[in-house]
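Trainee: How does the following fold in three dimensions:
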Amino acid sequence: MDDEIQYLKKMFTNIRYRNKDIIKTINRDKDENKERPPSTKSQPLSKTYLPNIEGDNDKLARVISKKNIDTSFKPLTTFKQEMRSIKDKLDHLQHKGV
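Mentor: Residues are numbered from 1 along each chain as shown. All right, here's what the predicted structure looks like:
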């Protein structure tokens, strides 16, 4: 592994990379390969989907998260439901065959 790193340093120096940048990148990669301790945050017990109510979402999510339940808020209506139809409704006398 050290031979490869030396080769890479030499190669990048030849194509005019700064030595500072080469060392910084190599050290960063070494740090990423180290094992990290497991996170202290546990997985949520369950997930709940609640309607999006203005003003009360944060309070409700905070109370539920204390019980280790993940919350997601969904809007009561979607944008598609709010829009009216593009086509106008025809009078029943304008239908074909009447």
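
Trainee: Residue 58: helix or strand, and which one exactly?
Mentor: In this assignment (DSSP states H and E), residue 58 forms part of helix 57-65.

Trainee: counting contacts, what elements does that helix pack onto?
Mentor: Packing partners of helix 57-65 (3 or more Cβ pairs under 8 Å, 6 or more residues apart in numbering; DSSP states H and E): strand 46-51, strand 69-74. Placement of C-beta: from N, CA and C, glycine included.

Trainee: measure stretch 6-21 end to end?
Mentor: 14 Å (Cα to Cα, to the nearest Å).

Trainee: Would you mind giving both backbone torsions of residue 14?
Mentor: The phi and psi values for residue 14, taken as degrees, to the nearest 10, are phi -70, psi -30.

Trainee: picking up where we left off before, only the buried residues of the helix holding residue 58, if you could.
Mentor: 61, 64 (16 or more other Cβ atoms under 10 Å).

Trainee: Please shift the residue numbers so they start at 10 in all later answers.
Mentor: New numbering, starting at 10: the last item is helix 66-74.

Trainee: can you give me the offset of it from its chain's centre?
Mentor: 20 Å (Cα atoms, centre = their mean, to the nearest Å).

Trainee: If anything else comes up later, I'll come back, but that's it for now.
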